[in-house]
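Chemist: The following block contains a protein sequence and its predicted model.
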Amino acid sequence: MKTIIEKANDSAIQKAAEIIKRGGLVAFPTETVYGLGANAFDSTAVKKIYAAKGRPSDNPLIVHIGDKNFLNEIVKDINSDAEKLIKKFWPGPLTIIFNKKDCIPLETSGGLNTIAVRFPANNIAQKLINLAKVPIAAPSANISGKPSCTLSSHVIDDLNGKVDMILCGDDFFYGLESTIIDMTVEIPKILRPGAITFEMIKKVLDKVEIEKNLISEHPKAPGMKYKHYAPNADVFIFDANQKNISDKINELILQNSDKKIGVLACDQTKHLYKNCFVLSLGDQNNPTVIAQNFFAALRTFDANGIEIIYAESFAQNGICFAIMNRLLKAANYKFIN
Ligand code: TXA
Ligand code: MG
């Protein structure tokens with residue numbers, strides 16, 4: 001398939017909207033990561049997303065809307081707590097799970113009767129959805145299991161030749177996928193941490209809990225059970241609170257000198273590592289930047305043929321909790337302390 005690759009100006013977005021209307025696939029930027037979109041009402045179009053990504057068909061998609069008022073058309077039972085979240089956080093990086101209406105096909109919801117909905121804050125995404133005049137089902141625009149795409153070059157690497165069009169934005173990004181909260185259960189539950197943090201949601205809702213297994217191996221969001229965000233290298237995380245982790249890591253680098261080793265560090269620690277490929281995610285006191293750089297760093301390790309990655313851990317609160325969740329998945333939960 002020939003993929004149209006264009007900078008997301010008005011005429012390109014118009015072209016992309018026509019493709020969506022005709023049942024095609026368009027990768028587009030959002031304020032979190034790039035999405036791979038199709039008409040959420042069109043089961044044939046949605047099946048093409050699973051094929052292009054190599055995604056298991058029981059892993060439901062997020063439906064993106066371009067206007068709050070559209071929500072009523074696709075979901076049932078919007079309770080007052082959900083309304084509070086919408087008022088506070090939409091448009092933005094919060095995905096809310098509702099009971100779905102029949103107009104959303106089971107292909108889009110991965111066979112579930114619930115549906116995840118998001119109103120993205122990104123201008124290009126909003127224009128695209130509103131010009132297409134349909135909600136757009138879009139998972140992250142990476143090959144299934146690979147790190148999500150935060151730059152158009154990542155999307156081109158993964159999807160050129162597999163989709164109809166790639167809209168290139170390279171705008172400001174949070175760099176991690178949206179927070180997901182399930183509002184169909186008695187106590188609202190965060191299924192995936194993101195830039196809208198537990199602490200922020202707690203200020204709006206009386207009750208909210210975090211899926212217990214989020215940082216272990218068996219979480220509830222269907223997609224979370226698959227290997228995720230994984231670079232080609234084997235990843236090991238080291239407890240950054242421990243003294244002298246750089247000594248420990250440098251020792252391991254020497255022991256494995258036949259392997260190409262990468263270290264994921266921050267500005268404060270990058271100079272401590274020897275005889276390896278070091279990447280800094282940024283200033284450790286600026287977690288927003290760390291989140292923005294995270295997926296690109298995993299891809300840079302791949303591009304440099306790194307076989308083992310030793311990564312420093314992050315805190316477990318605020319957006320760092322989301323970074324740590326992605327890092328643990330990339331490492332297949334190998335945490336050394
Ligand atoms: O920021 C984002 O959310 C990006 C951009 C493109 O919007 N999208 C994204 O989609 O991250 P994806 O497909 O990579 O992740 C969606 C996650 C999956 O883990 C999926 O299992 C979960 O949401 N999910 C979707 N619908 C669900 C539902 N009804 N119940 C529970 N989990 C659901
Ligand atoms: Mg994804």
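Modeler: Done, it's in. Ligands and ions are numbered 1, 2, ... in the order given.

Chemist: When you work out contacts or count neighbours from here on, use the C-alpha atoms and nothing else.
Modeler: Fine.

Chemist: So, low pLDDT: which residues of the stretch 101-250 of the chain?
Modeler: By pLDDT under 70, the weakly predicted segments of the stretch 101-250 of the chain are 171-172, 214-227.

Chemist: Would you map the strands across it?
Modeler: Remark: strands assigned in the stretch 101-250 of the chain by DSSP state E, counting those that start in this stretch are 114-118, 136-137, 165-168, 179-182, 189-192, 209-210, 234-238.

Chemist: and the first one, what does it pack onto?
Modeler: Right, the one you point to is strand 114-118. strand 62-64, strand 94-100 (3 or more Cα pairs under 8 Å, 6 or more residues apart in numbering; DSSP states H and E).

Chemist: Skip the chain neighbours and tell me the closest residue to residue 23.
Modeler: What sits nearest to residue 23 in space, not counting adjacent residues and going by Cα to Cα, 6 or more residues apart in numbering, is residue 45, at 4.9 Å.

Chemist: Residue 265 now?
Modeler: Leaving out its chain neighbours, the residue that sits closest to residue 265 by Cα to Cα, 6+ apart is residue 280, at 4.7 Å.

Chemist: cool, residue 182 as well?
Modeler: residue 97 (4.6 Å).

Chemist: again, but for residue 155
Modeler: Sequence neighbours aside, residue 149 is the residue nearest to residue 155 in space, at 5.9 Å (criterion: Cα to Cα, 6+ apart).

Chemist: Number of residues surrounding the one you found?
Modeler: By the measure other Cα atoms under 10 Å, the count of residues near residue 149 is 28.

Chemist: Could you pull up phi and psi at it?
Modeler: With angles defined as degrees, to the nearest 10, residue 149 sits at phi -100, psi 120.

Chemist: Would you mind putting the CA coordinates of stretch 189-198 into PDB?
Modeler: The C-alpha trace of stretch 189-198 is given here as PDB (Å, rounded to 0.1, in the frame of the first residue of the first chain):
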ATOM      1  CA  LYS A 189     -11.000   2.800  39.000                       C
ATOM      2  CA  ILE A 190      -7.800   3.900  37.300                       C
ATOM      3  CA  LEU A 191      -6.800   1.100  34.900                       C
ATOM      4  CA  ARG A 192      -3.800   2.900  33.300                       C
ATOM      5  CA  PRO A 193      -1.900   5.800  34.900                       C
ATOM      6  CA  GLY A 194      -1.000   8.900  32.800                       C
ATOM      7  CA  ALA A 195      -0.600  12.600  32.900                       C
ATOM      8  CA  ILE A 196      -4.000  13.100  34.700                       C
ATOM      9  CA  THR A 197      -2.700  11.600  37.900                       C
ATOM     10  CA  PHE A 198      -4.500   9.800  40.800                       C
END
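
Chemist: Residue 122: which of the helices and strands packed on strand 114-118 is closest?
Modeler: The closest of the helices and strands packed on strand 114-118 to residue 122 is strand 62-64. By Cα to Cα, the value is 11.4 Å.

Chemist: and the closest one, does that touch ligand 1?
Modeler: Yes. Applying Cα under 6 Å from any ligand atom, one finds strand 62-64 in contact with ligand 1 at residue 62.

Chemist: What residues of the helix or strand just after that strand count as buried?
Modeler: Toward the C-terminus, strand 62-64 is succeeded by helix 71-74 as the next helix or strand (DSSP states H and E). Within helix 71-74, the residues scored as buried using 16 or more other Cα atoms under 10 Å are 71, 74.
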